[in-house]
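**Student:** the following block contains a protein sequence and its predicted model.
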Amino acid sequence: MVKYDVLEKALEEAKLKLEDIDLVSFSNSPGLAPCLKVGMEFGKEISKKLKCKLIPVNHCLAHLSIGELVTGAKDPVFLYASGANTQIIAYEGGRYRVFGETLDMGTGNFIDNFARYLGLGFPGGPKISDLSKKGKYIELPYVVKGMDISVSGILTNLKQKYDKGVKKEDLCYSLQETVFAMLMEVSERAMAHCDKKELLYGGGVCCNDRLQEMGEIMCKERKGKCFIPERSLLVDNGLMIAWQGYLERESNKKIDFDPRLRTDDIDVTWK
Ligand code: FE2
């Protein structure tokens, strides 16, 4: 079974035996119900076998917590840009609050969708990034609504321009310049509103060189700092779920999953 293969590989890499484990955590929100259920059932199985505690954790906050751990960011605005999720999150008044988010697609799904349209395959992010280095700027719609962004209209516009013969390289360059500038605008506004000096990156889209460069420039201009975890911890990883479980090890949360539970619904017990 694949799930045991993954567990065995993780134990081998960590140089641990199964019996060394004294806490098990799993991602219980948000996500697709069948996937969350598979993770929960496997977590139940392992924790029962080891007679140890099982902790359900929120996937988005796990990205944030591992970023804080490895970068040393203390009180950041968190730019979480992945396939399904795009949110600007900050800790205010005892909760992680979503200050802005995408109104339609996650930025990663948007990029992958356009990459497929260009015939670049999956994952599209690295290929779009490579092509962008040979492109020049052409105007695209820029869609920031208050603290939120929207990308589905930009996707349609990019596809229409490609059908009319606009060069792939120019479209890829302009896609990055436009959508990443939108992310910077809402991140910067959240930093100003919350009076925070730190910006922390999380999610696979944040692996992009140009997005990293933009964050560093914006933070420097605000006399702040942009914290960027290494690539393996920006993308989805088991370590972030384990660390979030460890942070919440004293909690007694109900063992269940909720595909729709939002970042700002979580009771923060670990700060
Ligand atoms: Fe994720």
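**Tutor:** Ah, there it is.
**Student:** okay, now S152: neighbour count?
**Tutor:** Number of residues near S152 (other Cβ atoms under 10 Å) recorded here: 14. Placement of C-beta: from N, CA and C, glycine included.
**Student:** equivalent analysis for Y142, please.
**Tutor:** Y142 has 13 nearby residues by other Cβ under 10 Å.
**Student:** tell me which element the nearest residue to it once chain neighbours are set aside is part of?
**Tutor:** Among residues not flanking Y142 along the chain, T178 sits closest, at 5.7 Å (Cβ to Cβ, 6 or more residues apart in numbering). Assigned by DSSP states H and E, T178 falls within helix 168-194.
**Student:** which positions in that helix come out as buried?
**Tutor:** 168, 170-180, 182-191, 194 (16 or more other Cβ atoms under 10 Å).
**Student:** then stretch 145-157?
**Tutor:** By neighbour count on 16+ other Cβ under 10 Å, the buried set for stretch 145-157 is M147, D148, I149, S150, V151, I154, L155, N157.
**Student:** cool, and stretch 108-128?
**Tutor:** Buried-residue list, stretch 108-128, by 16+ other Cβ under 10 Å: 108-115, 118, 120, 123-125, 127-128.
**Student:** the ion: which of those is nearest?
**Tutor:** G108 (9.0 Å; Cβ to the ion).
**Student:** per-residue pLDDT, the residue of the stretch 1-150 of the chain found nearest the ion?
**Tutor:** Going by Cβ to the ion, the ion is nearest to S82 of the stretch 1-150 of the chain, at 4.5 Å. For S82, the model assigns a pLDDT of 96.
**Student:** was I right about it contacting G203?
**Tutor:** Yes: here S82 lies in contact with G203, judged by Cβ atoms under 8 Å, at a distance of 3.3 Å.
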